[in-house]
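# Could you look at this predicted model? Sequence included:
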Amino acid sequence: MALEFLTPLTALSHDVDVLVLGAGGAGYPGAFFLAQAGRSVLIVDPIGNLGGDCLAEGCVPSKAVREAALVRGLADKFDGFGLRGGKPAVDWGAVLAHKDRVQNTRYAQHAREIAAGGVAFVQGRGVIIAPDRARIDAGDGSGSREVRFRQLILGTGSAPARLPILGADLALTSHDLFRLGADLPLPQHLVIIGGGYIGVETASMLQALGAQCSILEYASQVLPGFDAELASFLHASLSQRVRIERSAQVLSIAREGDGYHVRYKQDGGERSMQGDAVLMATGRVAVLPEGVEHLGLAMERGHVKVDDTLRTSNPQVWAPGDVNGRSMLFHSAVRQSLVAAHCIAAGGQAVDRMPFHAVPMTVFTEPELAHAGQTAAQAEAALGADTVAVMRYDYAEDSRAQIYAETQGFIKLVFNRQDARLLGAQIAGMDAAQLIAPLALALEQGLGAKALADTVFPHPMLSEGINKAARAFKF
Ligand SMILES: Cc1cc2nc3c(=O)[nH]c(=O)nc-3n(C[C@H](O)[C@H](O)[C@H](O)COP(=O)(O)OP(=O)(O)OC[C@H]3O[C@@H](n4cnc5c(N)ncnc54)[C@H](O)[C@@H]3O)c2cc1C
Ligand SMILES: NC(=O)c1ccc[n+]([C@@H]2O[C@H](COP(=O)([O-])OP(=O)(O)OC[C@H]3O[C@@H](n4cnc5c(N)ncnc54)[C@H](O)[C@@H]3O)[C@@H](O)[C@H]2O)c1
């Protein structure tokens with residue numbers, strides 16, 4: 001691909017209004033906004049394109065492969081639909097080729113966006129050398145350049161964490177996931193440490209494509225912190241296909257023959273599990289540029305501390321996205337990037353704030369989960385049980401769910417009984433990740449049961465369930 005969208009170091013100005021380190025969701029939306037607002041903007045990223053980890057090794061590749069798993073899973077319903085045909089065989093190389101095509105299409109699209117975005121974009125790495133200066137090291141080793149900045153957007157994201165256990169470096173992380181079946185053998189049995197987002201999504205996807213997977217989760221439920229009913233809904237379904245050990249604290253990993261031996265503690269005893277690959281999916285740590293100490297940033301549990309405008313303790317520095325650890329999701333990073341940019345464009349005034357309370361969370365397992373805002377338990381703890389009303393819609397009543405034979409799911413809407421405002425929503429089952437969007441809108445805009453009940457939702461689609469649950473609210 002021609003790389004005219006990249007700026008050579010020699011063409012860089014020594015002075016910019018805004019330096020953006022990292023071109024993921026946390027970096028580029030705000031950078032483009034500020035360029036359009038007339039600021040001189042330099043974006044630096046070693047990947048040399050937009051999208052950060054989400055496009056390189058996270059959201060997009062994992063969902064491209066997951067789609068193959070979903071399509072294959074549909075074959076289990078053929079009989080019910082009156083169709084005949086066997087379950088498609090998996091050509092893993094072709095599945096990965098589909099993933100690559102999707103990534104390349106997006107990179108080509110992003111190259112055009114950079115070219116039209118009014119920013120300078122360098123493939124390289126930023127090193128902080130003074131409170132208002134960075135050295136940009138070109139990714140191709142062709143040299144470095146010092147740049148002075150007035151404002152810095154630190155969107156350097158996160159990287160997989162490794163447990164401090166014996167043999168931790170024997171495990172793969174999400175960084176290596178799509179090397180499986182490419183330059184690493186596809187495992188017969190993958191042992192996954194951690195039943196959070198990556199653990200459950202990977203197990204659900206790889207099992208559906210033919211690999212045996214097991215999960216060892218430290219907490220007493222998968223997806224700790226999630227509404228207990230959502231977590232147990234997923235557990236009940238996924239555990240029919242994937243061995244899941246909860247309250248299992250992993251102690252060590254050792255090589256044994258061609259595979260690995262994972263020791264863990266459970267119910268006061270020591271147990272072990274064998275696999276031919278181990279994936280560690282136990283959270284992510286902030287990535288900070290070399291020399292970050294020149295910025296004097298306050299930190300909180302290893303992440304950069306920010307306020308709701310994404311401003312750090314250094315008023316020149318803004319830290320949207322995974323680097324602040326508050327909401328490690330691509331769509332959240334994008335909105336955070338824009339909040340920071342709006343405030344920078346307004347001379348540092350807090351003209352926008354991140355609606356952290358309304359960020360939708362989606363888990364792309366089979367079945368899918370999604371939620372936003374407070375659970376009933378959180379709302380009751382904050383407001384008292386009498387002030388909280390939970391309205392529920394079961395997929396069993398829904399036409400589309402019946403057509404699709406996906407009648408196990410549910411939608412739960414949590415309202416403030418006094419003013420009918422929506423406080424939170426939890427969805428389990430088909431299309432959950434799409435269905436959460438109007439509820440995130442309602443939460444962000446402070447809407448309630450009346451708006452959701454008065455809005456006409458399309459039939460016969462699952463979103464009608466939102467409307468029906470809201471209509472059940474007693475005003
Ligand atoms: C397997 C997996 C699946 C995921 N699936 C989803 C999903 O389905 N939906 C969702 O919303 N989220 C998902 N996520 C989370 C999502 O990828 C992150 O929340 C998102 O990428 C965060 O964006 P960011 O810009 O903060 O960080 P990143 O995307 O990590 O971008 C940071 C960028 O900074 C660059 N950088 C680092 N150091 C420097 C430096 N010194 N100078 C210049 N640049 C630097 C990096 O190269 C990188 O490109 C997934 C994550 C993983 C790992
Ligand atoms: N669909 C999505 O939006 C999506 C998908 C993938 C990743 N992500 C993002 O990436 C982040 C990282 O994902 P992740 O799954 O690595 O982190 P996570 O925080 O979601 O889950 C980590 C899990 O590891 C468990 N764990 C910790 N120590 C353990 C031990 N000693 N033994 C066994 N289990 C242990 C934790 O209890 C937790 O359940 C997520 O927090 C999420 O923000 C999002």
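Structure received. Ligands and ions are numbered 1, 2, ... in the order given.
# List the residues that contact the most centrally placed residue in the chain.
Central residue of the chain (Cα atoms, centre = their mean): Leu329, 3.5 Å from the mean position. Contact partners of Leu329, counting by Cβ atoms under 8 Å, 6 or more residues apart in numbering, are Val359, Met361. From N, CA and C alone the C-beta is placed, and that goes for glycine too.
# Contacts only, for the closest residue to Met391 other than its chain neighbours.
Nearest residue to Met391, sequence neighbours excluded (Cβ to Cβ, 6 or more residues apart in numbering): Ala469, at 4.2 Å. Residues near Ala469 by Cβ under 8 Å, 6+ apart: Met391, Arg392, Tyr393, Ile411, Lys412, Leu413, Leu452.
# What of Pro131?
His294, Leu295, Gly296, Asn314, Gln316.
# The second one and Ile128 touch, don't they?
Yes. The pair Leu295 / Ile128 is scored as a contact, 6.0 Å apart, by Cβ atoms under 8 Å.
# Taking the stretch 51-200 of the chain, what residue is nearest to ligand 2?
Residue nearest to ligand 2 within the stretch 51-200 of the chain (Cβ to the nearest ligand atom): Gly196, separated by 1.8 Å.
# contacting residues for that residue?
Glu217, Val222, Leu223, Pro224, Ala281, Thr282, Gly283.
# Also Ser144?
Contacts for Ser144 (Cβ under 8 Å, 6+ apart) come out as Leu9, Arg135, Ile136, Asp137, Ala138.
# Can you flag which of the contacts of Ala469 belong to strands?
By the criterion of DSSP state E, membership of the contacts of Ala469 in strands covers Met391, Arg392, Tyr393, Ile411, Lys412, Leu413.
# Present the residues you listed as TSV; the columns should include distance to ligand 2, neighbour count and pLDDT.
Listed next are the ones in strands among the contacts of Ala469 as TSV, based on distance: Cβ to the nearest ligand atom, whole Å; neighbours: other Cβ atoms under 10 Å; pLDDT from 0 to 100:
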residue	distance to ligand 2	neighbour count	pLDDT
Met391	26	22	98
Arg392	24	14	98
Tyr393	23	23	98
Ile411	19	28	98
Lys412	19	21	98
Leu413	21	28	98
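# can I get these in TSV with distance to Glu290?
Listed next are the ones in strands among the contacts of Ala469 as TSV, based on distance: Cβ to Cβ, whole Å:
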residue	distance to Glu290
Met391	52
Arg392	51
Tyr393	52
Ile411	47
Lys412	46
Leu413	47
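# my read is Arg255 is in a strand, agree?
Yes. Judged by DSSP: H, G, I helix; E, B strand; the rest coil, Arg255 forms part of a strand.
# quick one: pLDDT of the spatially closest residue to it that is not a sequence neighbour?
The shortest distance from Arg255 to any non-neighbouring residue, by Cβ to Cβ, 6+ apart, is to Leu170 (6.3 Å). Predicted confidence (pLDDT) for Leu170: 98.
# Glu4 too?
pLDDT, read off for Glu4, is 88.
# which residues are there in this structure that come within reach of ligand 2?
For the chain, the residues in contact with ligand 2 (Cβ under 6 Å from any ligand atom) are 163, 193-199, 201, 216-219, 224, 248-250, 281-284, 328-329, 362-364.
# tell me which of the ones in strands among the contacts of Ala469 is nearest to Met205?
Ile411 (24.2 Å; Cβ to Cβ).
# hang on, His371 is in a strand, isn't it?
Yes. The assignment for His371 (three-state DSSP) places it in a strand.
# do you know how far the closest residue to it other than its chain neighbours is from ligand 2?
In space, and not counting its chain neighbours, His371 is closest to Gln426: 4.4 Å by Cβ to Cβ, 6+ apart. Separation of Gln426 from ligand 2 (Cβ to the nearest ligand atom, to the nearest Å): 15 Å.
# Are we agreed that Gln426 is in a strand?
Yes. According to three-state DSSP, Gln426 belongs to a strand.
# Neighbours of it, how many?
28 (other Cβ atoms under 10 Å).
# close enough to count as contact, it and Ala228?
No. Using Cβ under 8 Å, Gln426 makes no contact with Ala228, being 10.1 Å away.
# what are the ranges of the helices in the stretch 201-350 of the chain?
228-238, 330-345 (DSSP state H, counting those that start in this stretch).
# Of those, which stretch is the most buried?
helix 330-345 (a mean of 24; mean count of other Cβ atoms under 10 Å).
# if we can go back for a sec, what's the closest of the contacts of Pro131 to Asp79?
For those, the nearest to Asp79 is Leu295 (61.1 Å; Cβ to Cβ).
# The closest one: how many residues sit nearby?
By other Cβ under 10 Å, 21 other residues sit near Leu295.
# Show me how this protein divides into domains.
9-58+95-158+285-356, 168-282, 367-471 (automatic domain parsing).
# Just the terminal-to-terminal distance for the last one.
According to Cα to Cα, to the nearest Å, domain 367-471 extends 26 Å from its N-terminal end residue to its C-terminal end residue.
# Repeat that for the second one.
Looking at domain 168-282, the gap from its leading to its trailing residue is 11 Å under the measure Cα to Cα.
# about what we covered before: which two in the contacts of Gly196 are spaced the farthest apart?
For these, the maximum inter-member distance is 14.1 Å, found between Val222 and Gly283 (Cβ to Cβ).
# Nearest spatial neighbour of Ser313, chain-adjacent residues omitted?
Using Cβ to Cβ, 6+ apart, the nearest residue to Ser313 is Ala298, at 3.8 Å.
# need the contact list for that neighbour.
Val304, Lys305, Thr312, Ser313.
# ok, the first one touching Pro289?
To tie it back to what came earlier, the one meant is Val304. No. Val304 is not in contact with Pro289 according to Cβ under 8 Å; the separation is 11.1 Å.
# Compare these two (neighbour count), which wins?
The neighbour comparison of Val304 against Pro289 (other Cβ under 10 Å) goes to Val304, with 27 against 20.
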